[in-house]
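A.B. asks: make a model of this:
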Amino acid sequence: MELNLPSRLVAHVEALRLDPGLYLVATPIGTARDITLRALDVLNSADLLAAEDTRTLRHLMDIHGVPLRRRRLLSYHDHNGDRARPVLLAALAAGASIAYASDAGTPLVADPGYRLARDAAQAGHRVHVLPGPSAALAALSLSGLPSDRFLFLGFPPPTEAARRAWLEQWIWTDATLIFFESPRRVNRILEDLCEIDPNRYTVVARELTKKFEEIIRGSAAELAADPRMAALKGEIVVLLDRATPPAPEADQVDSRLRDLMAHLSVRDAAKQAAEEFGLPRRDLYQRALVLGRDQEGRQDRPEAGGADGT
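C.D. replies: Residues are numbered from 1 along each chain as shown. As a prediction, this is how the structure comes out:
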């Protein structure tokens, strides 16, 4: 994790007693000063510290003047979780407070800690969360894409066939899609995306909050052709705009308007059809008027061979 270092801060005040439990501490994704005051308090006060990378956490504490004071700092990550988890659960059972931090960002969001938090909760221990930096949410804020509904997908599979199947599974979801990717594979997933939907608006965000932060926007085809994609470095977040529904056929719209006008006014029928199809209400109102006049004309026209026929 790259940290933009501020001047060394004054050592923290005397540690306060924390309630027993597991504290999930969000840490900066780049700029060290993005840490919260509450996170510093918990790191200063917890009985025991655990981290995905102990060197990174120790460096962060040094920057902010948080002393270790002979407390244990344990490593906990995906590769040693089965061995380290019982030690941490035993400490919780003994009434300890434990602060856990992943390498950067919010623990459990594409980072280790899920099984630790789950097992702690199932054992009846209190789990606390300290909100803070998150690469996924930072990228969403910068992307310019709709944020009312989004889906975080973690990392795509690394192999071509699995990655293509993964894209096919999620690409038509009615939400902004967010996922992490290795800088070495961004150009590959863009090429896969071009085979499915080359016009999908795409955002590639790299090195968020760091010195070389960069946001690249455009269609999947435009980004796939961008020479920068083959030379990306650092932490990468990719975001995809939600799918644009295909324009409905004119006959389909007319049929729905007729059905609605059988029991609604022209205005209300046009309003409901506009909401269903995502089309301008004014256009559908004009179309409904035409359909209404046609219907009235057919009703007024005498039947061939009738009493008034010729």
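A.B. asks: and stretch 164-176, average pLDDT?
C.D. replies: For stretch 164-176, mean pLDDT rounds to 95.
A.B. asks: how long is that stretch from one end to the other?
C.D. replies: Counting by C-alpha to C-alpha, to the nearest Å, you get 18 Å between the two ends of stretch 164-176.
A.B. asks: against Val186, how distant is Glu168?
C.D. replies: Counting by C-beta to C-beta, to the nearest Å, the separation of Glu168 from Val186 is 19 Å. The C-beta positions use only the backbone N, C-alpha and C, and glycine is treated the same way.
A.B. asks: neighbour-wise, which of those two wins?
C.D. replies: Under the criterion of other C-beta atoms under 10 Å, the comparison of Glu168 against Val186 puts Val186 first, with 21 against 11.
A.B. asks: pLDDT score assigned to that one?
C.D. replies: Val186 carries a pLDDT value of 96.
A.B. asks: now it: how far from Arg163?
C.D. replies: Distance of Val186 to Arg163, computed by C-beta to C-beta: 12 Å.
A.B. asks: ok, now Arg71?
C.D. replies: Using C-beta to C-beta, Arg71 is found at 43 Å from Arg163.
A.B. asks: what do you get for Val238?
C.D. replies: Val238 is 12 Å from Arg163, by C-beta to C-beta.
A.B. asks: check contacts around Glu214.
C.D. replies: Listed by C-beta atoms under 8 Å, 6 or more residues apart in numbering, the contact set of Glu214 reads 205-207.
A.B. asks: over to Leu49?
C.D. replies: By C-beta under 8 Å, 6+ apart, Leu49 lies in contact with 43, 57, 68, 71-74, 98-101.
A.B. asks: repeat that for 6 Å
C.D. replies: When contacts are counted by C-beta atoms under 6 Å, 6 or more residues apart in numbering, Leu49 touches 73, 99.
A.B. asks: now it: which helix or strand?
C.D. replies: In this assignment (DSSP states H and E), Leu49 forms part of strand 48-51.
A.B. asks: now Ala84
C.D. replies: Assigned by DSSP H and E, Ala84 belongs to helix 81-93.
A.B. asks: tell me the buried residues in the very next helix or strand once past that helix?
C.D. replies: With elements assigned by DSSP H and E, the helix or strand that comes after helix 81-93 is strand 97-101. Within strand 97-101, the residues scored as buried using 16 or more other C-beta atoms under 10 Å are 97-101.
A.B. asks: of those, closest to Asp78?
C.D. replies: Ranked by distance to Asp78 (C-beta to C-beta), those are led by Tyr100 at 13.5 Å.
A.B. asks: ok, the closest one touching Glu52?
C.D. replies: No - under the criterion of C-beta atoms under 6 Å, Tyr100 makes no contact with Glu52, lying 8.5 Å away.
A.B. asks: list the contacts for Ala15?
C.D. replies: Residues near Ala15 by C-beta under 6 Å, 6+ apart: 44-45.
A.B. asks: pretty sure it sits in a helix.
C.D. replies: No - counting by DSSP: H, G, I helix; E, B strand; the rest coil, Ala15 is not part of a helix but coil.
A.B. asks: what are the ranges of the strands in this structure?
C.D. replies: Along the chain, counting by DSSP state E, strands occupy 21-25, 48-51, 73-75, 97-101, 127-130, 150-152, 176-181, 201-206, 214-219, 236-240.
A.B. asks: what's the mean pLDDT across the last one?
C.D. replies: The reference is to strand 236-240. Mean per-residue pLDDT for strand 236-240: 98.
A.B. asks: quick check, pLDDT for Ala110.
C.D. replies: So Ala110 comes in at 86 (pLDDT).
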